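Q: Coordinates only, no sequence provided:
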């Protein structure tokens, strides 16, 4: 009589352990599916306009392709182009090969060949900045990099390691290893 009771208890315990293991494996499988880095949506030819408190245009972000990843809530951009307005006639232009928007939407990390410029009233570039990575904070109209950068003006070429750009006040702070070369333009 004691044996059927013992067999029933062991069978029940084995059943409970098997059920628990099955649930653990199922949960691990769900976690593995969630943690894969695959986009949940994408956009083609995206344009995002951001307005300031007064209702004026603050910035425009466009990209050829956009991919959103739910596992880390990041957004990847292919060939992003930003226009940053600061009340002047001509906005700052920023283009890159690719970009990444972090989950908090506060910073856009531009990567690859990054170019920054602004044109004068005649449509000519006043200067251009070339670098390889740039962190842009569109809400506060600020950008920075620690990487090497080249700044080309009409008659100067400046090289620096790192800079900070305040687009709102049209200021550029060069951080270290700054070297400039003046090139006299031939008479017209």
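A: Yes, it's here. What you are looking at is a predicted structure, and each value in this text was computed from that prediction instead of being measured.
Q: Domain map for this structure?
A: Residue ranges for the domains of the chain, per automatic domain parsing: 1-35, 41-182.
Q: quick one, which of those domains is packed in tightest?
A: Highest mean neighbour count of the domains of the chain: domain 41-182, a mean of 16 (counted as mean count of other CB atoms under 10 Å). (C-beta placed from N, C-alpha, C; glycine too.)
Q: Mean confidence (pLDDT) on that one, please.
A: Mean pLDDT, computed over domain 41-182, is 88.
Q: Quick check: end-to-end length of it?
A: 49 Å (CA to CA, to the nearest Å).
Q: before we move on, what about stretch 133-146?
A: Using CA to CA, first and last residues of stretch 133-146 are 8 Å apart.
Q: Same question for stretch 39-58.
A: Stretch 39-58 end-to-end distance (CA to CA) = 29 Å.
Q: Can you list the neighbours in contact with that stretch?
A: 59-70, 77, 84-85, 87, 138-139, 141 (CB atoms under 8 Å, 6 or more residues apart in numbering).
Q: Just the strands from this protein, written as ranges.
A: For the chain, the strands defined by DSSP state E cover 41-51, 57-69, 74-78, 81-84, 92-95, 98-101, 108-119, 125-137, 142-152, 156-166, 171-182.
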